[in-house]
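Peer 1: how does the following fold in three dimensions:
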Amino acid sequence: MYVTSTKVINGGYDCKEEETFTPVENLGNPTNPAILVTSRDANGLHRPALDIDVPIAWVHRSDGTDHIWVDVKCSERAYNHLLQVLREFRIIDAAYTKPLTTDEAEACYALDRETTIDSKAVTAYMKAMAPLFRGSFDQLLREAAHHYTTPVDSVPGPEMRHPKLLPLHVGAVVVDSTSNHHLYLDTILSWDGYARVLFALKRAKIIERGYFSMGIQRRATLLRPPWAHKGPAKQSVEEFLANR
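Peer 2: Next up is the predicted model:
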């Protein structure tokens, strides 16, 4: 489960100093508002929580699997390395050993693009439900995804000049943030494994170098939930409730 955090020592989201985290099991509890999400759980294991600064499309296919498309211009070597690492940890389909050519990727994305999951609707649902939700962030994330993974709710995906496919073997949820997107993957990794995934994503230019460096320093990645906006490093309960 994701550990949603309310207590940060000596800084906030962009802080490089040591933090402590208070798990929030009930998002609707006004005395302990969740303002950060960390990949790390109480056992020191990780569910990937990723800040994606490139265009992204999330497609839920009829066979129950998910496709993630990212628009990124990276070297073939970096992309192949990423796929190798993701196959090793069973994050993508093990059979995807030969990446699509440029023409194949463009043709496949043109088909997938018509049935992209509406991440804005998922984000809005989470914002609306959080104040009354009796459960964890992870549970709310799953519930929001369940509501919007039907073809009826799909929207056209963004235009992409360099579409790269990640054919997932695990579940995924894409949530909008202030200026980019957050990608949550439903799998559990050790820190060593997660660090390798982060490095491969950084090398393929899917996550930023600074986000990677912060994650390595913290031994975890952090994201703001949809209802927490960028602002001062510290946020009191009263400020949180006033903006909720």
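
Peer 1: which non-adjacent residue is nearest the spatially most central residue of the chain?
Peer 2: Closest to where the C-alpha atoms of the chain average out (Cα atoms, centre = their mean) is Leu183, at 1.8 Å. Nearest residue to Leu183 in three dimensions, chain neighbours excluded: Leu50, at 4.4 Å (Cβ to Cβ, 6 or more residues apart in numbering). Where you see a C-beta, it was placed from the backbone N, CA and C, and this is true even at glycine.

Peer 1: backbone dihedrals for that neighbour, please?
Peer 2: The phi/psi pair for Leu50 (degrees, to the nearest 10) reads phi -120, psi 140.

Peer 1: for the residue nearest to the centre of the chain, give me its contacts.
Peer 2: By Cβ atoms under 8 Å, 6 or more residues apart in numbering, Leu183 lies in contact with Pro48, Ala49, Leu50, Ile52, Ile56, Ile68, Ala172, Val173, Val174.

Peer 1: if you set the cut-off to 6 Å instead, what comes out?
Peer 2: Leu50, Ile52, Val174 (Cβ atoms under 6 Å, 6 or more residues apart in numbering).

Peer 1: so it is in which element?
Peer 2: Secondary structure from DSSP states H and E places Leu183 in strand 181-186.

Peer 1: how about that strand: buried residues?
Peer 2: Neighbour counts over strand 181-186 (16 or more other Cβ atoms under 10 Å) mark His181, His182, Leu183, Tyr184, Leu185, Asp186 as buried.

Peer 1: again with stretch 104-116
Peer 2: Ala105, Cys108, Tyr109, Asp112, Arg113, Thr115, Thr116.

Peer 1: what does stretch 123-130 give?
Peer 2: Across stretch 123-130, burial judged by 16+ other Cβ under 10 Å covers Thr123, Tyr125, Met126, Lys127, Met129, Ala130.
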